[in-house]
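*Asks:* the sequence and its predicted three-dimensional model are supplied below.
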Amino acid sequence: MNALSRLPLESKLLPLQPSRIAPDGSFAGYASLFRIPDLGKDVVEPGAFRDSLLRRGAAGVRLLWQHDPAEPLGRWLSLVEDSRGLFVRGRLSLAVARAREIHALMLDGAIDGLSIGFRPEKARTEPRSGLRRLERVDLWEISIVTFPMLPQARIAAVKACQPVAFA
């Protein structure tokens, strides 16, 4: 076990804004925004996710409910760093009861947060401001959550599904 694997896993919460609706349970938006301090005084710098995304890809990052590894909701279709932040596209597995519940809550606007789960690999704290600048992180998961950490980040679209009948 190396020193990085002993570091605690951290989470950052971001709001989701339900908006446009269509049939497959997919959604897209920003899971992190660059150079904006969150409520925990962390600032993600451009390029912070690059190495992790190259190592893991979208398939290696879990889509969870409230950071609970026993509550997977679906999968990430794409995770891309752009000039603004970490843009994500995911799809809820609507065959899973919890995912259908979360999807309904997202559509109603009751659930409006995203949160990143990561280990910091390279960070520096500014003594005067107390801000921690995250220069490189190992991204493990992105969760849909109740309480977001960075109010400026918003989901761009949520797609709806037709009611599913189960026998």
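*Replies:* Now that the structure is in, tell me what you want to look at.
*Asks:* so residue 106 belongs to a strand, correct?
*Replies:* No. Assessed with DSSP: H, G, I helix; E, B strand; the rest coil, residue 106 is helix; it does not lie in a strand.
*Asks:* please begin residue numbering at 398 from this point
*Replies:* Renumbered: residue one is now 398, and that last one reads residue 503.
*Asks:* and it, how close does it get to residue 535?
*Replies:* As defined by Cβ to Cβ, to the nearest Å, residue 503 lies at a distance of 27 Å from residue 535. Quick note: C-beta positions are derived from backbone N, CA and C, even for glycine.
*Asks:* mind listing what the residue nearest the centre of the chain touches?
*Replies:* In the chain, the residue lying closest to the centroid (Cα atoms, centre = their mean) is residue 539, at 3.3 Å. Taking Cβ atoms under 8 Å, 6 or more residues apart in numbering, we find residue 539 in contact with 428, 458-461, 473, 476, 485, 487, 511-514.
*Asks:* tell me, how many residues neighbour residue 475?
*Replies:* A count of neighbours around residue 475, defined by other Cβ atoms under 10 Å, yields 12.
*Asks:* low-confidence ranges in this protein?
*Replies:* 398-405, 408-420, 548-564 (pLDDT under 70).
*Asks:* now do the strands in it.
*Replies:* In the chain, the strands defined using DSSP state E lie at 407-412, 423-430, 439-441, 459-462, 465-478, 482-489, 510-522, 529-542, 552-555.
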